[in-house]
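below are the sequence and a predicted model; questions follow.
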Amino acid sequence: MRVLAVASEAVPFVKTGGLADVVGALPAALAREGVAVTTLLPGYPAVLDALAGAEEVARFADLPGGPARLLRGQAGGLAVAALDAPALFDRPGNPYLGPDGADWPDNGIRFAALGAAAARLAAEGGFAALHAHDWQAGLAGAYLRHAGNRLPVLFTLHNLAFQGHFPAALFPHLGLPDAAFALAGVEFHGGVGFLKAGLWYADAITTVSPTYAAEITTPEGGMGLDGLLAGRAGVLHGILNGIDTTAWDPATDRHLAARFDAADPAPRAANRAALGRALGIAADPPRPLFGFVGRLTWQKGVDLILDALPALLATGGSLALLGSGEAGLEARARAAAAAHPGRVGVAIGYDERIARLIYAGADGVLVPSRFEPCGLAQLCALRYGAVPVVARLGGLADTVVDANPMALQAGWGTGLQFSPPTAGMLAAALRRAAALFADAGTWRRLQRNAMATDVSWTRSAAQYAALLSALARG
Ligand code: ADP
Ligand code: GLC
């Protein structure tokens, strides 16, 4: 079965978050299930460079934003189709933001063009289904349906916080019939809702964990789309993300100071020391060493970590924090490092090596998110033997087994969960983690369980494949 995927980012070309990891890794896992995926991406410089020498397979004279051409080739382990539209996508760096850090003013047109191209290619390219990811691909289904095409559409929602909402003035530039600007269409609160359209036109919707799938149908978790999502609950599925366990393998990872596996995690100590050197944490960092990797935003609960810092330090532990994002949180994190030299190490920015050293060297990894559709940080932590300390919600609830006394007695437990996501509850979880850490045998057990967790794509790819075949059968 051949499927056209469409998304705005993919590893190894462009990544701002876990969406890129998923779009980059799922095709190889689906191939093992007999599904051949072609991935349509915007022709950013990084994509076109990787596709050098690729074949031009189509020209579009009338896409939103002007003429464009379609290139197809193999790159980065993916069968890629690239939308070459220099006026829209010949911009290096972050795919959504200009050099001033603000959204590009023409993002509506840019990603309308992506959706329109996806619909054309899906209709003409002999595909059995179209798989669209997140708001940037949200209009693909609308273009397909309004062209009278019934090809099945699967829409995967990675984060309800990013909805792609634009003023009504965009609508006349989209090339959709007037009838599409309706409640039963792309209209959302008087404007154009790309995510809303994606959810509306899809034959099936998936999101990236079963718990998030339930949360988003409630007013508390639905971010204004709970009504629509509850109405579509019959076609809404939660399928957990995995990670590429070849790219994320502590036994072969070249970024590490020392490689290791579940049978012998002792070399983690060398990674802990390297991490300490990189971030200015004391040699053989005070333990337990807790790490954080992620976007510095309200979603990720970074402020909760900073608020709970006194409790963390009171356990005798230390903190290694890596990320970038909101200026206020970056400043607070830097100030914490300055106030606690040798105990708190902070790196602001995107750094693959330090991220991997944190997973491979920290004793615990903190994921105190206020909401988390799936989360990949805790999956990387499990794989690399850093015990995750997570908020009990979204995909975090589905992927970490809390080491409560009953679980411990039964030999279970892969991490710690706390709820609700407040600094007080995080502080309590940190104290509980430190107490477990003090018992070397118990911690070793937790670490072994964590590393034995199946975080691969295998099971989830089979679920996607089953869903896609069911859609293709009609
Ligand atoms: P998001 O909500 O940002 O998509 P995920 O947990 O799904 O969160 O995915 C984030 C991915 O990006 C993880 O693989 C994480 O290791 C990586 N990551 C996040 N921030 C950084 C950073 N500053 N440097 C390196 N890797 C990062
Ligand atoms: C989003 C979510 C994250 C998820 C990722 C990939 O960015 O915030 O929880 O893991 O998408 O699906």
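Thanks, I have it. Ligands and ions are numbered 1, 2, ... in the order given.

the closest residue to A282 other than its chain neighbours: how many residues sit nearby?
Nearest residue to A282, sequence neighbours excluded (CB to CB, 6 or more residues apart in numbering): G342, at 4.1 Å. C-beta: built from backbone N, CA, C; applies to glycine. G342 is flanked by 14 other residues according to other CB atoms under 10 Å.

wait, doesn't G342 sit right on R277?
No: using CB atoms under 8 Å, G342 makes no contact with R277, being 11.9 Å away.

from ligand 2, how far off is the closest residue to ligand 1 within the chain?
Using CB to the nearest ligand atom, the closest approach of the chain to ligand 1 is made by G18 at 2.3 Å. Distance of G18 to ligand 2, given as CB to the nearest ligand atom, to the nearest Å: 3 Å.

so how far does stretch 222-237 reach from one end to the other?
Separation of the first and last residues of stretch 222-237 by CA to CA, to the nearest Å is 15 Å.

and ligand 2, is it touching that?
No: using CB under 6 Å from any ligand atom, stretch 222-237 stays clear of ligand 2, coming no nearer than 12.5 Å.

on that earlier part again, look up how far K300 lies from the residue of the chain closest to ligand 1.
Separation of G18 from K300 (CB to CB, to the nearest Å) stands at 12 Å.

where does the stretch 1-150 of the chain come near ligand 2, residue by residue?
Residues of the stretch 1-150 of the chain that fall close to ligand 2, judged by CB under 6 Å from any ligand atom: G17, G18, L19, V22.

can you pull out the low-pLDDT segments for the chain?
For the chain, not a single residue meets the criterion pLDDT under 70.

mind checking the longest helix of it?
helix 107-124 (DSSP state H).

start to end distance for stretch 161-178?
With CA to CA, one end of stretch 161-178 sits 28 Å from the other.

any residue of it up close to ligand 2?
No: using CB under 6 Å from any ligand atom, stretch 161-178 never reaches ligand 2; the gap is at least 7.6 Å.

what does that stretch rub up against?
Stretch 161-178 is touched from outside by 62-64, 107-109, 111-112, 116, 134-136, 138-139, 142-143, 146, 180-181, 186-196, 223-225, 299, 371, with contacts defined as CB atoms under 8 Å, 6 or more residues apart in numbering.

okay, and which of these map to strands?
Counting by DSSP state E, the contacts of stretch 161-178 place E187, F188, G191, V192, G193 in strands.

could I get those residues as a markdown table with distance to A314 and neighbour count?
Shown next, in a markdown table, are these (distance: CB to CB, whole Å; neighbours: other CB atoms under 10 Å):
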| residue | distance to A314 | neighbour count |
| --- | --- | --- |
| E187 | 53 | 18 |
| F188 | 47 | 22 |
| G191 | 49 | 18 |
| V192 | 51 | 29 |
| G193 | 47 | 25 |
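
re earlier: buried ones among the residues of the stretch 1-150 of the chain next to ligand 2?
Buried members of these, counted by 16 or more other CB atoms under 10 Å: G18, L19, V22.

contacting residues around the last one?
Remark: with contacts taken as CB under 8 Å, 6+ apart, V22 is in contact with H133, H158, V208, N241.

7 Å - rerun?
Listed by CB atoms under 7 Å, 6 or more residues apart in numbering, the contact partners of V22 are N241.

on that earlier part again, of the contacts of stretch 161-178, which are in range of ligand 1?
Counting by CB under 6 Å from any ligand atom, no member of the contacts of stretch 161-178 is near ligand 1.

quick check: PyMOL command selecting the buried ones in those residues.
The PyMOL command for the buried members of the contacts of stretch 161-178 (criterion: 16+ other CB under 10 Å) is given here:
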select buried, resi 63+64+107+108+109+111+112+116+134+135+136+138+139+142+143+146+180+181+186+187+188+191+192+193+194+195+196+223+225+299+371
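
returning to that earlier point: who are the packing partners of the longest helix of the chain?
strand 2-6, strand 36-42, strand 68-75, strand 78-84, helix 86-89, strand 129-133, helix 140-146 (3 or more CB pairs under 7 Å, 6 or more residues apart in numbering; DSSP states H and E).

from the contact counts, what lies against the third one?
To tie it back to what came earlier, the one meant is strand 68-75. For strand 68-75, the elements it packs on are strand 55-60, strand 78-84, helix 107-124, judged by 3+ CB pairs under 7 Å, 6+ apart.

assign P172 to helix, strand or coil.
Recorded secondary structure, P172: helix (DSSP: H, G, I helix; E, B strand; the rest coil).

what number of residues lie near it?
For P172, the count of nearby residues is 10 (other CB under 10 Å).

equivalent analysis for A61, please.
Neighbours of A61 under the rule other CB under 10 Å: 7.

any idea which helix or strand comes after the host helix or strand of I305?
Assigning secondary structure by DSSP states H and E places I305 in helix 302-307. Once helix 302-307 ends, the next helix or strand along the chain (criterion: DSSP H and E) is helix 309-314.

check which residues of that following helix are buried.
By 16+ other CB under 10 Å, the buried positions in helix 309-314 come out as L309, A311, L312, L313.

and if you look at stretch 53-68?
Neighbour counts over stretch 53-68 (16+ other CB under 10 Å) mark A54, A58, F60, L63, P64, G65, A68 as buried.

show me what from the stretch 151-300 of the chain comes close to ligand 2.
H158, N159, V208, N241.

cutoff 5 Å now
Residues of the stretch 151-300 of the chain found near ligand 2 (CB under 5 Å from any ligand atom) are H158, N159, V208.

and P341, what does it touch?
Per CB under 7 Å, 6+ apart, neighbours of P341: G280.

gap between it and ligand 2?
Distance, P341 to ligand 2, by CB to the nearest ligand atom: 32 Å.

beta partners for the residue nearest to A282?
In this entry, G342 is beta-bridged to I281, by DSSP bridges.

going forward, the N-terminal residue is numbered 781.
Renumbered: residue one is now 781, and that last one reads G1122.

how much space separates it from ligand 2?
32 Å.

hmm, I1061 and that residue touching each other?
Yes: contact status for G1122 versus I1061: in contact at 6.2 Å, counting by CB atoms under 7 Å.

show me the protein divided up by domain.
In terms of domains, the chain is parsed into 782-1022+1238-1253, 1048-1232 (source: automatic domain parsing).

contact partners of stretch 904-916?
When contacts are defined by CB under 7 Å, 6+ apart, stretch 904-916 is touched by residues 781-788, 799, 803, 891, 894, 898, 902, 918, 920-921, 924, 931-938, 942-944, 974-975, 978, 1248, 1251-1252.
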